[in-house]
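In: Output the structure for:
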Amino acid sequence: MTVAILGAGISGLAVGRALQEKGIDVELLEASDEPGGLCRTEIRDGYVMDHSGGHIVFSRHERAMQYYHDLFADEPMVRSDRKTRILFKGRYIPYPFENGIGELSAEDRLACLKGILEAAVARSNGAVKPQNFRDWIRWHVGSGIADLFMNPYNQKIWELDDLSEMGISWVDGRIPEAPISDIVRAALGETTVGYGHQAIFYYPLRGGFQAITDRIAKHLDGKIQLNTPVTDVQRVGNRCQINGKLYDSVISTIPMTELVKLVQNLDSGTQESASGLGYISLACFLFGIDGSDVQDLSWIYLPHANQGGANRVTYLSNYSPNNAPHGKGSVMAEVTYRGKLNVDQAYIDTLRKHLAKEGLYREENVTIEMFRHNRFAYIHYSQDFVERRQRAIDGFEAMGIYPLGRFGRYNYYNTDMCILEALDMADRVAENLGASAG
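Out: Below is the predicted model:
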C-alpha cells in the first residue's frame with residue numbers, strides 16, 4: 001500500500017511520518033526545493049527570518065506539546081513568557097485589549113467599560129448572536145472596544161472595509177474572551193491576564209521555526225520528492241493516479257482552490273465550492289537592528305492605518321539567542337493584502353520609516369532588510385464559508401482524495417492543530433486502507 005501526500009508542509013510531513021510509523025509506504029510530492037511550507041525559514045548573515053510571520057510553539061493540547069518536545073529531546077526549545085502589547089495612541093496597552101483597558105486614557109477607559117457592560121446586559125436580555133463579524137464584535141465587546149480597537153485592527157488584518165462580509169465560524173478560540181470581572185478589575189487599575197494558554201511559549205534554539213519541519217522530515221528520508229509539482233490527478237478504478245503514477249490513497253495539502261484545477265472529472269458542485277474559497281496573502285519584512293533597540297517584548301499589534309501597513313511586529317531576536325548576530329536584534333513586520341502587493345525599495349523604505357516613527361527602533365541602526373511573500377496565509381471567512389468548505393471536502397473525498405491542513409482542508413489551524421489533525425488523518429487513512437486490503 002502506497003499513499004501519495006501532496007505537499008510537504010507541516011501537515012503533509014506529520015501525516016507522512018505517522019503513516020510510515022504504521023508501516024504504510026508514503027511518497028510526498030513537493031513543488032518547492034525544500035520542505036516546510038508556511039513554516040520555512042531563511043537565514044542570511046546570521047539573521048533568522050521565518051517566511052510567514054512570528055511563529056511560536058504553544059498549545060492547549062498535551063498531545064501536541066509532547067509531540068514538539070519529543071522532536072527536540074536532544075536540544076530543548078527556548079521557553080519564553082509571552083509579552084505582547086498593542087501600540088495604541090502612543091501607549092503600550094497589554095494584550096488582549098480588554099485586559100489592558102486600565103492603561104487607556106480616562107475617556108477611552110470609560111467608553112470601553114460602558115460598552116462592554118451594555119453588551120453584557122443586552123446578551124442577558126436575549127440579544128441574538130449576529131452571524132456577521134462586524135455586528136458580532138459589538139454584540140461581544142460593545143461599542144467602545146469595537147470602535148477603538150477591534151474594528152480598525154480587523155479591518156487592517158483582513159483587508160476589509162466592511163467586516164459584515166465575514167462570518168463568525170472562526171472566532172471561537174481565536175478571539176480572546178475576558179470575563180467581565182477581569183475587565184472591570186483592569187479598568188480599575190488591577191493587572192489581569194488574558195489568553196492564559198499562550199502565556200508561555202517555545203521556539204527552536206537553532207534554525208528558526210523551520211527546525212520543526214526539518215526534524216519531522218528526517219523521519220521521511222528518501223520519501224520526499226522535491227521540485228515535483230502535481231500536474232494531474234485522476235481516479236482510476238479504486239485508486240488515484242498522480243502525475244501518471246497509481247497510488248492506493250491520496251492526501252492533499254494543496255490549497256483546495258488550486259487542487260480543483262488539477263483533478264480530472266470533478267463534479268461541477270465541488271468545482272464551484274472549492275474555487276470560491278477565499279484567502280488573504282501576507283508579506284513579511286525583517287529588519288536587522290542594533291541590540292540596544294530591542295524591547296523586552298514578544299510582539300506588538302499596530303491597529304491603526306496611520307501606523308503604516310504592518311498589523312503586527314515581532315522582536316524575533318527575543319525568541320532565540322541564535323536569531324540574530326551577537327549584539328544585534330531583529331524585528332519582523334507582517335502586512336496582509338488581497339490580490340497583489342507591489343514591494344519595491346520605495347515600499348520597504350516607507351514601511352521601515354513608519355516602524356521607526358512608532359519607536360520600534362532607530363532607523364539609522366537598521367543593518368539588513370529581508371522580505372517574503374506568502375500567497376496563502378489567512379482564510380477569508382465569507383458568509384457561506386462553512387457550507388462551501390464542507391461541499392468541497394465531501395466532493396474531493398468522494399474522489400478518494402483526503403484534504404488536510406490549513407488550506408488543504410481550509411481549517412484555520414496553528415501548527416499544533418495541524419499536527420493533531422494529521423495524526424487523526426493518519427489513523428483514518430490507515431483504517432480505510434486496512435478495510436480495502438481486507
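In: ends of stretch 71-78, how far apart?
Out: End-to-end distance for stretch 71-78: 13 Å, by CA to CA, to the nearest Å.
In: residues of it that come out buried?
Out: Buried residues in stretch 71-78, counted by 16 or more other CB atoms under 10 Å: 71-72, 77-78. (Each C-beta comes from the backbone N, C-alpha and C, glycine too.)
In: can you give me the helices for the stretch 1-150 of the chain?
Out: 10-21, 62-71, 106-124, 133-145 (DSSP state H, counting those that start in this stretch).
In: Most tightly packed of the ones you listed?
Out: helix 10-21 (a mean of 26; mean count of other CB atoms under 10 Å).
In: Tell me which other helices or strands that one touches.
Out: Under the contact definition 3 or more CB pairs under 8 Å, 6 or more residues apart in numbering; DSSP states H and E, helix 10-21 sits against strand 2-6, strand 25-29, helix 210-218, helix 415-437.
In: and the last one, what does it pack onto?
Out: In this case it means helix 415-437. Going by 3+ CB pairs under 8 Å, 6+ apart, helix 415-437 lies up against helix 10-21, helix 62-71, strand 249-252, strand 401-403.
In: And those: which comes nearest residue 326?
Out: Residue 326 sits nearest to helix 62-71 of all those, at 27.1 Å, using CB to CB.
In: domain parsing for the protein?
Out: 2-38+212-277+382-437, 99-188 (automatic domain parsing).
In: Quick one, grab the pLDDT at residue 434.
Out: Note on residue 434: pLDDT of 86.
In: distance of it from residue 249?
Out: 11 Å (CB to CB, to the nearest Å).
In: Tell me which of the two has more neighbours.
Out: residue 249 (24 against 12; other CB atoms under 10 Å).
In: wait, isn't that one in contact with residue 430?
Out: No - at 9.3 Å, residue 249 does not count as touching residue 430 under the criterion of CB atoms under 8 Å.
In: hmm, back to that, what's the closest of the helices and strands packed on helix 415-437 to residue 305?
Out: Closest among the helices and strands packed on helix 415-437, using CB to CB: helix 10-21, at 32.8 Å.
In: Put the alpha carbons of the closest one into PDB.
Out: This file holds the C-alpha atoms of helix 10-21, laid out as PDB (Å, rounded to 0.1, in the frame of the first residue of the first chain):
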ATOM      1  CA  ILE A  10       3.900  20.600   8.400                       C
ATOM      2  CA  SER A  11       0.600  18.800   7.800                       C
ATOM      3  CA  GLY A  12       2.000  16.700   5.000                       C
ATOM      4  CA  LEU A  13       5.200  15.900   6.900                       C
ATOM      5  CA  ALA A  14       3.300  15.000  10.100                       C
ATOM      6  CA  VAL A  15       0.800  12.700   8.400                       C
ATOM      7  CA  GLY A  16       3.600  11.100   6.300                       C
ATOM      8  CA  ARG A  17       5.600  10.300   9.400                       C
ATOM      9  CA  ALA A  18       2.600   8.900  11.200                       C
ATOM     10  CA  LEU A  19       1.600   6.700   8.300                       C
ATOM     11  CA  GLN A  20       5.200   5.500   7.900                       C
ATOM     12  CA  GLU A  21       5.200   4.500  11.600                       C
END
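In: okay, the angle between that helix and helix 415-437?
Out: Here helix 10-21 runs at an angle of 40 degrees relative to helix 415-437 (axes from the mean of the first three to the mean of the last three CA atoms, to 10 degrees).
In: Give me the distance between helix 10-21 and the centre of its chain.
Out: Distance of helix 10-21 from its chain centroid, counting by CA atoms, centre = their mean, to the nearest Å, is 20 Å.
In: Return the most buried member of the helices and strands packed on helix 10-21.
Out: Most buried among these, counting by mean count of other CB under 10 Å: strand 2-6, with a mean of 25.
In: ok and that one relative to helix 415-437, angle-wise?
Out: Using the same axes, to 10 degrees: strand 2-6 against helix 415-437 is 150 degrees.
In: Now tell me what touches strand 2-6 from outside.
Out: Applying CB atoms under 8 Å, 6 or more residues apart in numbering, the contact partners of strand 2-6 are 12, 15-16, 19, 24-29, 230, 240, 242, 245, 247-254, 259, 408, 429, 433.
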